[in-house]
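coordinates only, sequence not included:
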């Protein structure tokens, strides 16, 4: 029988995920926490979530596993396609061709977003002289992302022109799967980065995607994360968030170009 997650235990995990990732979990997320962590209790032969919380508090490896399980979000190729149209039709023509275009996918999950960006840029530029940094707090999803291997049904979200050119159907043991073109994969650097702490020295970018992650932050965390990232965005660079998110009252460094698409002042 599945152990019951008490309010006290839930609050413990809620604090843990806030401290680790700046993610605020509402009361409505209690079933999610219970469902995602239950299998770890079973694997370790633990009877209560309290036992597991004590284990997580003492074991950094298990704590990372819990963070991975609680922060993974559903994603898919060409999600919110208007952003990729804007990247191809507006951003690419504006940028100087002298230096490679640099894009940061700030919460890349299992890799669909950075691979979508790579396909869009390769098509719009006609070459692969661009660089993409794809980061996430979860080591587990990054391992999936790095492989660039996905179930064939996931390719349905990819427009045919991209699918034909950049997706290779698996054969033999990889039947039912497809992989993203090697030349595109080589343009993406995957790195574990916690946006809620001081950022590593990763250089500056022309475009930063930070989509479907700020909905989990409170106002203060949102402000801190955005300001940290804006230090890594060139003046005149673009900052793209999800249609379901808002930067209202978060920063005065950005100017809205279209809903969910902003430009850093100073260009």
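Received the coordinates, thanks. Worth saying up front: this structure is predicted, and the values here are computed from it rather than measured.

how about residue 45, what does it touch?
Residue 45 makes contact with no residue under the criterion C-beta atoms under 8 Å, 6 or more residues apart in numbering. Where you see a C-beta, it was placed from the backbone N, CA and C, and this is true even at glycine.

and it, what pLDDT?
Residue 45 is assigned a pLDDT of 92 by the prediction.

got the contact list for the residue sitting nearest the centre point of the chain?
Nearest to the mean C-alpha position of the chain, by C-alpha atoms, centre = their mean, lies residue 107 at 1.9 Å. By C-beta under 8 Å, 6+ apart, the contact set of residue 107 is 73, 135, 136, 137, 195, 210, 211, 212, 213.

may I have the phi/psi pair for the third one?
Put plainly, it is residue 136. phi -160, psi 160 (degrees, to the nearest 10).

what's the local residue count around it?
Residue 136 has 29 neighbours, counted by other C-beta atoms under 10 Å.

OK, contacts around it?
107, 108, 109, 142, 145, 192, 193.

helices of the protein, residue ranges please.
Along the chain, counting by DSSP state H, helices occupy 7-21, 30-44, 49-58, 60-71, 82-86, 92-94, 112-125, 139-147, 160-166, 182-185, 219-230.

coming back round to it: who wins for neighbours among the contacts of residue 107?
residue 136 (29 neighbours).

now do that one, the pLDDT please.
So, for residue 136, pLDDT stands at 94.

how near is it to residue 144?
10 Å (C-beta to C-beta, to the nearest Å).

domains of this structure?
7-71, 82-264 (automatic domain parsing).

and these, which is most packed in?
Stretch with highest mean neighbour count among those: domain 82-264 (a mean of 18; mean count of other C-beta atoms under 10 Å).
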